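**Q** What follows is a predicted protein model with its sequence.
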Amino acid sequence: MASRLRKEEMEMEKSGRRPKRDILADDGARQTLLVLCIEHTLKRIIDVAEDALRERKKKRAHQRRMAHMQMGDITDCDADAGPRESRAPGNY
């Protein structure tokens with residue numbers, strides 16, 4: 001709902017139906033706009049953090065596969081399956 005309100009506010013500002021000075025003059029509107037901006041920024045921060053965690057997880061998995069390959073636990077063609085001990089029977 002908050003995102004929708006922010007979108008509507010932005011559309012109104014673009015169309016000139018409600019000038020920015022009118023919005024900023026209204027305490028309630030100004031507080032609502034501030035909360036919406038904070039909410040939007042926090043969502044972006046969370047999205048970036050989640051992306052970074054996913055990438056870190058992928059990188060660590062790749063590093064583990066490479067370490068197992070160097071130790072001779074798995075061959076290059078088995079790298080995606082993980083070490084032999086962790087593979088289920090029939091997944092060769």
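**A** Done, it's in.
**Q** Can you give me the buried ones in stretch 28-43?
**A** 32-33, 36 (16 or more other Cβ atoms under 10 Å). Where C-beta positions appear, they are placed from N, C-alpha and C, glycine not excepted.
**Q** and these as CSV, adding distance to Met71?
**A** Shown next, in CSV, are these (distance: Cβ to Cβ, whole Å):
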residue, distance to Met71
Thr32, 59
Leu33, 57
Leu36, 53
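**Q** Which of those fall within helices?
**A** By the criterion of DSSP state H, membership of these in helices covers 32-33, 36.
**Q** closest to His62 among those?
**A** Leu36 (39.4 Å; Cβ to Cβ).
**Q** and the gap between the closest one and Val48?
**A** As judged by Cβ to Cβ, to the nearest Å, Leu36 and Val48 stand 19 Å apart.
**Q** likewise His62?
**A** On the measure of Cβ to Cβ, His62 and Val48 end up 21 Å apart.
**Q** likewise Arg65?
**A** 26 Å.
**Q** Give me the more crowded residue out of these two.
**A** Neighbours per residue, other Cβ atoms under 10 Å: of Arg65 and Val48, the larger number sits with Arg65, 19 against 10.
**Q** And the pLDDT for that one?
**A** Here the pLDDT value assigned to Arg65 is 91.
**Q** quick one, phi psi at it?
**A** Dihedral pair for Arg65: phi -60, psi -40, per degrees, to the nearest 10.
**Q** Tell me how far it lies from Lys14.
**A** On the measure of Cβ to Cβ, Arg65 and Lys14 end up 50 Å apart.
**Q** same deal with Val35?
**A** 21 Å.
**Q** Give me the buried positions along the lowest-mean-pLDDT helix or strand in the chain.
**A** Ranked by mean pLDDT, DSSP states H and E, the weakest helix or strand in the chain is helix 2-15, scoring a mean of 71. Buried positions in helix 2-15, judged by neighbour count with 16+ other Cβ under 10 Å: 6, 9.
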